[in-house]
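> Any chance you could fold what I've pasted below:
(one chain, ligands or ions: 1)
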Amino acid sequence: MSEWRRPLEIADHEMREFISELSMIEREKQYLLPSFHLAQEIFGWVPPVAVEKIADFLRVPLSEVYATLTAYSELRIAPDEKDYWFICTGVACEMKGAQNIVQQLADADEFKVRDIDCQFLCSLAPVCVDDSGGLHGRVEVSELISGIRESQTGGE
Ligand code: FES
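Now for the predicted structure:
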């Protein structure tokens, strides 16, 4: 079963791997950049929790760590959400089975999907936002699976 995560959550196994790998780096300020690259390799971006771990481990002030991090354009300070579909899990959508949709898509283990807060289309619950930012209302799992697959294959 795949793990369902909110966009900014970090999986425990990724954090354990990061801490383990980070501990093998020399505790010198000059290793900031390799530490950022390590985080980005594991998480796909450099999340705030990794920044704090790096600052603690290398004994560099957090402000200095952020200053360095934001100076390099190749380092991502936000997750890449390209190709993701988002399922609204606000109250109205929850009442219309959004969590069930989320779970079924997560169980399929092949879709890039995440949950989001209310999209203010509650009368159309459950609602999803596709990978192009398009909003869809009264969605059903089968329809979503077709849409996502079609999107992933470029409509072939
Ligand atoms: S709760 Fe989903 S659109 Fe409002």
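
> And stretch 79-87, end to end?
Stretch 79-87 has an end-to-end distance of 17 Å (criterion: Cα to Cα, to the nearest Å).

> For it, give the mean pLDDT please.
Averaging pLDDT along stretch 79-87 yields 83.

> Pull out the buried positions in that stretch.
For stretch 79-87, burial by neighbour count (16 or more other Cβ atoms under 10 Å) applies to 79, 84-87. The way it works is simple: take the backbone N, C-alpha and C, and place the C-beta from them, glycine included.

> That stretch and the ligand in contact?
No - contact of stretch 79-87 with the ligand (Cβ under 6 Å from any ligand atom) is absent, the minimum separation being 8.9 Å.

> for the spatially closest residue to residue 130 that is not a sequence neighbour, what are its contacts?
The shortest distance from residue 130 to any residue other than its chain neighbours is 5.5 Å, reached at residue 85 (Cβ to Cβ, 6 or more residues apart in numbering). For residue 85, the contacting residues are 111-114, 128-131, 144, 147-148, 151, by Cβ atoms under 8 Å, 6 or more residues apart in numbering.

> With residue 89 instead?
98-99, 102, 115-117.
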